[in-house]
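Visitor: next input, structure requested:
(3 chains)
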Amino acid sequence: MSAPTTVTTPSIIDAPAPPPKARSTRIFRDPVILGCLGWIVFLVGWSLSGLFPHSPTVADPGVLLHAPGGGYLFGVDQDGYDVLSRTVYAAKFDVLMALSGALVAAVTGTWLGILMSSEGRLSALATRGLDVFQAVPLLVVAVAVIGLVGTSRTILVVIIAAINTPLFIRLVQAEARLVRKRGYVAVARVYGVSERTIRWRHILPNVTGVLFPQFSLSVGYAIASVGALSFLGLSEPGSASWGSMIKAGIPLLPLNQWWMVVFPSLALFTVVLAFSELSHRLQGHVEQIRGGSR
Amino acid sequence: MLKTLSQGGGRAGYVGRRLAMIPIGVLIVVTATFFLINAIPSDPVGARLGDLATPEQIAAERAALGLDQPLLVRFLDLLGGIFTGALGTSYYTGADVSGELLGHVTSTLVLVVPGFLLAAGLGIGLGILAARDNLSRWVRLIVTVLQGLPVFVLAVAGILLLVVLVPVLPSPTGQLDANIPAPPVRTGAVMVDAVLAARWDAMGNAVAHLVLPVLSIGLIASVPFARITASAMRSALAAEFSAFGDGNGLARRTVVRNALRTARPGIATVGGIVAAELIGGSMLIEQVFSWNGIGQWGLNAITQNDLPVVQAFVLFAAVGTMVIYLLADIVAVLLDPRTAS
Amino acid sequence: MNPEPIVDIDSLTVKYHSRQGEVTALRDVNLQIGRGEVQAIVGESGSGKSTLLASLLGLLPASAAVEGSISVRAGDQPFDPVRAPAKEATRWRFRQVGYVPQLTQRSLVPVLTVGEHFRQFGFGSDWRAEAVRALTDLGLREPESVLRRYPHELSGGMAQRVCIALATFAGKPLLVADEPTSGLDPLVTVRVADLLLESQRRTQACLLLVTHNLQLARRMATRIAVFRSGVLVEHGPATAVLEDPLHPYTRSLIAAVPRPGHPLALPEPGPDPSGGLIEKAPGHFVAMVGAA
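Guide: Numbers count the residues shown, from 1 in each chain, chains lettered A, B, ... in the order given. The predicted model follows:
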């Protein structure tokens, strides 16, 4: 590899100024962002801590269908699991699966998006391929594959990544094309900087800003997908997840035994909401930072 | 007049070209589906016969199901079957797969079409409201809550509210109460069958069974409609042409109607995405309500390794998605004079 | 002054209330515009031009606090756009006021044909015949074919003519042009200015021209009013204001227009003017504070 020469751009060309520190601290003063992050960290942290009022993995057949109260704040399900412990415990599986899937999607999508941001027949072809890929009913295919092969954490992560990667590709591609039009990229090119260096030294640092809102949105979306797959009975058998808890609880709803459904539903809803609201807020901050540097 | 005619010809040409691509797309989709279903390791024979079957029994069963044929022969069989409308027989029920597919599709359509229309109406309405400053906060709140809700969670909330707490709707299982004799099966959708048989009692009950699933689909799927409408309306109302209209005293509703007209191509595109997602999403809603539609049919087949049914299900979803996207694309182009020529 | 003013602005003050506090956008403005006159309103951004325009059209935001009044005697009876309810003001504009925007394709709804625009802008059933006449008057050949086109199928010149025709349609007695030539190159600006003047003369409408372009004001206006920080600092016949400016701000504005052989000077931030106008020459008024 030839040593990448760092080009000192003339000062009149608008070099990308690093965003002032004040802006990043402003993000952490936004009460909505703090609230969303706080709720997510609290739930996952509790889940990872292993400190539950009752065992989430060992059922107690003596208290089947115990209504909420009396040492069982959220009640007991039809198998004898404490609903509170199991709901919190499930956060580990649901959120971490979604995070890993979204992370894979973000890395792959950024890489492909930057590659596909250049002009040329190859990237045009790849973009068409992406159009076709996005027309695949992924949920149906995922259900079919999992149903026939059996499920595993790897497959879940791959499916979540497959659903979300195109979103990152499109976002990064559009953003990278904008960066390519900026003065300093043109200057770097004139100075003979290689395409490779332009991609990873000039474009990559300038597209990371838009990744955060999309990442947060993707995690929320992925949690809903994991919930949907486990709701359809396709998550790892035996592992607690909100979707499978809701599925198991629905037949008992008409008997007024609501707690097996309500608490995992609330957990799923609030966590998805937290991630999408987080995304929305981050988007606002990203736009502000961009507007400020324009 | 000449001008419009020649323009119409351009549009017709475009539509023709896009429609001509359907067979090619179907071929690709069929190929991909076939190899996906048949290449992944599954054991339909073992699932049918259990662990105690002898090798001879297994071989006989494989031959009976046609699994001893080479992959290529089976693929050509499938291609031929698609042209004649024969998609094989189910490993389990022995029924004709294409017939079963049609029956289940009707049940799903009864659910999905009203849900989609409700979503479009509600979403576009919310979007128009959101473009008005004084209401946008409330609309945003509604949209935010709805988009965080997985469709099955909303459905469960609906059951809790309208079946358990305030029992105005029947028990949320199936298309008809168990104690009402079902009308003779003609389309597969109980509500339609009841109408065809003039069984008004069954129809009323079937409609009551439809309320919650349709409402769930409609509310959740309204979110993308609301978002695209609001953002397109907001930029249209801030555009120069709206200021021109306002300044010259066009009635507010004319200015808003013009803005909505500029938003239509975008709404059509989003409508296609929503409709395509409903194919997969109907699996979830049918699961909640034990609705005997295409999603339940496919899901059962998958858990039973019933390959012909799984194949038909995935094929239907893939071809359906492709056709929906294509139609949405065509509609969007026809609605936008800038892209039509 | 003109004995029969169409527009009579009487000590108009407009303030906006926001979380940051109160902003006075217009302060005690008095201005009369007569029939057939072309009144230019010039000033930098933030001078109050836009607020004056919005007041005259009855399009002020609800947060604006208004003192004083406007009276427009364009129809049978005087109308006060700043006091009238929004709906009434809309109906009034539809009948009496032509609003000429920035003259580009972007001022036309991209998904409507030109004909549909005329149908929305006009009244009566013979809008088509009138539209054809209006487009012909503005020098468009084959007006029938233009009516069937979508905005993106128009050339720049066609779009300008269509916009002017729409705004001046049905002989509206008051025309308000808002930076009609911004974004156009100098030659096109001249052509558009002449087209606008032609339409105005044909109907003897009173034309209010809001612009920061002094060249355009020189070419079109009979009278010029100079605004600065919400205050009318100088007002008079176009030639008097441009050739013999009395207020230092007007002078610096004129000096800031690049001309061959003259060094470019930017407007100076002189003392904030306030108070009424005094008449220095017949029909030529200037603000008392800061006046030479």
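Visitor: tell me the secondary structure at whichever residue of the stretch 101-250 of chain C sits closest to chain A.
Guide: Closest contact between the stretch 101-250 of chain C and chain A, by CB to the nearest CB, is at C:Gly183 (19.8 Å). (Glycine included, C-beta is placed from N, CA and C.) Under DSSP: H, G, I helix; E, B strand; the rest coil, C:Gly183 falls in the coil class.
Visitor: around chain B, pick out the residues from the stretch 1-150 of chain A.
Guide: Contact residues (CB under 8 Å from any CB of the partner chain) of the stretch 1-150 of chain A with chain B: A:135-141, A:143-145, A:147-149.
Visitor: show me which of those residues are buried.
Guide: Applying a neighbour-count criterion of 16 or more other CB atoms under 10 Å in any protein chain shown, the buried members of the residues of the stretch 1-150 of chain A next to chain B are A:Ala135, A:Val136, A:Pro137, A:Leu138, A:Leu139, A:Val140, A:Val141, A:Val143, A:Ala144, A:Val145, A:Gly147, A:Leu148.
Visitor: separation between the last one and B:Thr89?
Guide: As judged by CB to CB, to the nearest Å, A:Leu148 and B:Thr89 stand 19 Å apart.
Visitor: give me the nearest residue to the residue in the stretch 151-294 of chain A positioned nearest to chain B, chain neighbours excluded.
Guide: In the stretch 151-294 of chain A, no residue comes nearer to chain B than A:Leu273, which is 3.3 Å away by CB to the nearest CB. Residue nearest to A:Leu273 in three dimensions, not counting chain neighbours: B:Gly148, with 3.3 Å by CB to CB, 6 or more residues apart in numbering or on different chains.
Visitor: same deal with A:Ser244?
Guide: Per CB to CB, 6+ apart, closest to A:Ser244 is A:Ser230, 4.3 Å.
Visitor: so what's the one you found up against?
Guide: Contacts for A:Ser230 (CB atoms under 8 Å, 6 or more residues apart in numbering or on different chains) come out as A:Asp94, A:Ser241, A:Trp242, A:Gly243, A:Ser244, A:Lys247.
Visitor: quick revisit: give the contact list for the residue nearest to A:Leu273.
Guide: Residues in contact with B:Gly148 (CB under 8 Å, 6+ apart) are A:Gly220, A:Phe269, A:Thr270, A:Val272, A:Leu273, A:Ser276, A:Glu277.
Visitor: report the buried members of those residues.
Guide: Applying 16+ other CB under 10 Å to these flags A:Gly220, A:Phe269, A:Val272, A:Leu273, A:Ser276, A:Glu277 as buried.
Visitor: look at the closest residue to chain C within the stretch 51-200 of chain A and report its pLDDT.
Guide: Ranked by CB to the nearest CB, the top residue of the stretch 51-200 of chain A for proximity to chain C is A:Lys181, at 21.5 Å. Per-residue pLDDT puts A:Lys181 at 84.
Visitor: ditto for the one 5 residues further on
Guide: For A:Ala186, the pLDDT comes out at 81.
Visitor: where's it, which helix or strand?
Guide: Using DSSP states H and E, A:Ala186 sits within helix A:183-190.
Visitor: next SSE after that helix?
Guide: The helix or strand immediately downstream of helix A:183-190 is helix A:195-197, counting by DSSP H and E.
Visitor: all helices for the stretch 151-300 of chain B, in order.
Guide: Taking DSSP state H, counting those that start in this stretch, the helices of the stretch 151-300 of chain B run over residues B:151-159, B:190-196, B:200-237, B:240-247, B:252-288, B:294-303.
Visitor: typo on my end, the stretch 151-294 of chain A
Guide: Using DSSP H, counting those that start in this stretch, the helices found in the stretch 151-294 of chain A span residues A:153-180, A:183-190, A:195-197, A:204-231, A:242-249, A:259-293.
Visitor: could you pull out the buried residues of the longest one?
Guide: With burial defined by 16+ other CB under 10 Å, the residues of helix A:259-293 counted as buried are A:259-265, A:267-269, A:271-283, A:285-286, A:289.
Visitor: and the helix or strand where B:Ala20 lies, which residues are buried?
Guide: For B:Ala20, the host element (DSSP H and E) is helix B:2-39. For helix B:2-39, burial by neighbour count (16+ other CB under 10 Å) applies to B:7, B:11, B:14-15, B:25-26, B:29-30, B:33-34, B:36-38.
Visitor: keep only these that also lie close to chain A.
Guide: Within the buried residues of helix B:2-39, those near chain A by CB under 8 Å from any CB are B:Leu36, B:Ile37.
Visitor: what's the closest of the buried residues of helix B:2-39 to chain C?
Guide: Closest to chain C out of the buried residues of helix B:2-39 is B:Gln7 (9.3 Å), distances taken as CB to the nearest CB.
Visitor: now do that closest one, the pLDDT please.
Guide: pLDDT at B:Gln7 comes out at 44.
Visitor: show me where chain A dips below the pLDDT cut-off.
Guide: A:1-25, A:237-238, A:290-294 (pLDDT under 70).
Visitor: can you tell me the centre-most residue of it?
Guide: The structure's chain A has its C-alpha centroid closest to A:Val219; by CA atoms, centre = their mean the separation is 1.9 Å.
Visitor: residues contacting that residue?
Guide: Here A:Val219 is in contact with A:Val95, A:Ala98, A:Leu99, A:Ala102, A:Phe275 (CB under 8 Å, 6+ apart).
Visitor: farthest-apart pair in the contacts of B:Gly148, please.
Guide: With CB to CB as the measure, no two of the contacts of B:Gly148 lie farther apart than A:Phe269 and A:Glu277, at 11.9 Å.
Visitor: neighbouring contacts of stretch C:176-190?
Guide: B:247, C:50, C:53, C:56-57, C:97-104, C:156-157, C:160, C:192-193, C:196, C:207-213, C:215-216, C:219.
Visitor: ramachandran coordinates for B:Tyr91?
Guide: B:Tyr91 adopts backbone torsions of phi -60, psi -30, taken as degrees, to the nearest 10.
Visitor: likewise C:Phe121?
Guide: The phi/psi pair for C:Phe121 (degrees, to the nearest 10) is phi -80, psi -30.
Visitor: quick one on the thing from earlier: closest to B:Ala59 out of the helices of the stretch 151-294 of chain A?
Guide: For B:Ala59, the closest of the helices of the stretch 151-294 of chain A is helix A:153-180, at 30.8 Å, according to CB to CB.
Visitor: let me know the angle separating that closest one from helix A:183-190.
Guide: If you take axes from the mean of the first three to the mean of the last three CA atoms, to 10 degrees, helix A:153-180 sits at 90 degrees to helix A:183-190.
Visitor: which secondary structure elements does helix A:153-180 contact?
Guide: helix A:83-115, helix A:121-134, helix A:138-149, helix A:204-231 (3 or more CB pairs under 8 Å, 6 or more residues apart in numbering or on different chains; DSSP states H and E).
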